[in-house]
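1. Sharing a sequence plus its predicted fold:
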Amino acid sequence: MAAPTTDRTESGSPGAQTVSMAKALNAGLRAAMEADGKVIVMGEDVGKLGGVFRITDGLQKDFGEQRVLDTPLAESGIIGTAIGLALRDFRPVCEIQFDGFVFPGFDQIVSQLAKLHYRSQGKLPMRVVVRIPFGGGIGAVEHHSESPESLFAHVAGLKVVSCSNAADAYWMLQQAIASDDPVIFFEPKRRYWEKSELDTSATPQPLHTSRIARPGSTATLAAYGPMVRTALDAAAAAEQDGHDLEVIDLRTLSPLDLAPVFDSVRRTGRLICVSEAPGECSVTAEVTARVQQECFYSLEAPVLRVTGFDTPYPPSKCEEQYLPDLDRVLDAVDRVLAH
């Protein structure tokens, strides 16, 4: 894989194609497995079925049952086995079938995966990627629409990232697999089937960096994962009212790369953070605090947040009222511009 140096790809380049995020993730896994025979994919139904979202479709057929493993329904066992494989110099990629299923493996992730490299004074790197489809919007039942990213971002020793489009899905997954750190890789499941441009010949930007998804000058919207599309839609709608909103895709939640956010807020004077996760003690709370510290004298209005509510995720019939949507984001834009 080429060394990551630049930010954007040019539309119309020879390697560009329009693909869904699901296909981009599949291609990213395939490229990583072809590049390194130590990469192993493991999880519930990832082999013959190809995963419930078909992200691993065809991989077992092409790479064999020794490298694409169907595991028992035991997340603690999946993570524990991956840790053992990492100790033997493999690079396991674990799929957690749904976000709410990760908690049986939470002890292994927090107590072992996050700490072994540090505890061994660097002698035992934990080259493990834990893929987690997250967020709502697919009409699923309980435990299938969680947003637990803030829990993992708080754990020292873990890297936490989230893609929002096909290009980032393809490149960020390969970069996470190539990393010597354990990476929690959040995939916005309701965006799996949305298509965008992917240039497999491009040079990607570094993994732990934010990017400006849409330049603007009136106010700044900071989002990640599934909410980047919502923020971009809000910026397009606000343009009709004469507002020029800048949208920043955070991409990396731990470590946070807030330099682009700081630069943007110093220009616009206003910030709105958008996330599906509950607002209490969250990634958006950390972004808000850091911006207040670094950009206090540039702010023309209080930093606002548009988030999920501080309740368990509701039944699917109520999720449209729970999830941040275009109207809630535009309402926050109106309020922040009213100051």
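-> Structure received.
2. For residue 150, give me the backbone phi and psi.
-> phi -70, psi -30 (degrees, to the nearest 10).
3. Tell me how far the residue nearest to it when sequence neighbours are not counted lies from residue 309.
-> Excluding its sequence neighbours, the residue lying closest to residue 150 (CB to CB, 6 or more residues apart in numbering) is residue 282, at 4.5 Å. All C-beta atoms are positioned from the backbone trio N, CA, C, and that covers glycine. As judged by CB to CB, to the nearest Å, residue 282 and residue 309 stand 12 Å apart.
4. out of the two, which sits in the more crowded spot?
-> Using other CB atoms under 10 Å, the more surrounded residue of residue 282 and residue 309 is residue 282, with 23 against 14.
5. which non-adjacent residue is nearest residue 252?
-> Once flanking residues are discounted, residue 252 sits nearest to residue 208: 4.3 Å by CB to CB, 6+ apart.
6. Next, count neighbours for that neighbour.
-> Neighbour count of residue 208, defined by other CB under 10 Å: 22.
7. again with the one 4 residues further on
-> The local packing count at residue 212 equals 17, with neighbours defined by other CB under 10 Å.
8. pretty sure the residue nearest to residue 252 contacts residue 160?
-> No - with contact defined as CB atoms under 8 Å, residue 208 does not reach residue 160; the gap is 9.7 Å.
9. what residues do the two have in common as contacts?
-> With contacts taken as CB atoms under 8 Å, 6 or more residues apart in numbering, residue 208 and residue 160 have residue 252 as neighbours in common.
10. give me the low-pLDDT residue ranges for the protein?
-> For the chain, the stretches flagged by pLDDT under 70 are 1-14.
11. and residue 71, how many neighbours?
-> 18.
12. Any figure for the gap between it and residue 29?
-> Residue 71 is 16 Å from residue 29, by CB to CB.
13. same deal with residue 74?
-> Counting by CB to CB - residue 74 and residue 29 are separated by 22 Å.
14. Those two: which has the busier surroundings?
-> A direct count of neighbours by other CB under 10 Å for residue 74 and residue 29 places residue 29 higher, at 26 against 13.
15. Residue 162 versus that one, what's the distance?
-> 17 Å.
16. give me the element the residue nearest to residue 100 when sequence neighbours are not counted is part of.
-> Counting by CB to CB, 6+ apart, residue 143 is the residue found nearest to residue 100 once chain neighbours are left out, at 3.2 Å. Per DSSP states H and E: residue 143 is located in neither a helix nor a strand.
17. isn't residue 143 right up against residue 97?
-> No - the pair residue 143 and residue 97 fails to qualify as a contact (CB under 8 Å) at a distance of 10.2 Å.
18. In contact with the residue nearest to residue 150, which residues?
-> Going by CB under 8 Å, 6+ apart, residue 282 touches 150, 275, 307.
19. Of those residues - the most surrounded one?
-> Highest neighbour count within the contacts of residue 282: residue 275, with 28 neighbours (other CB under 10 Å).
20. Appreciated, that's everything.
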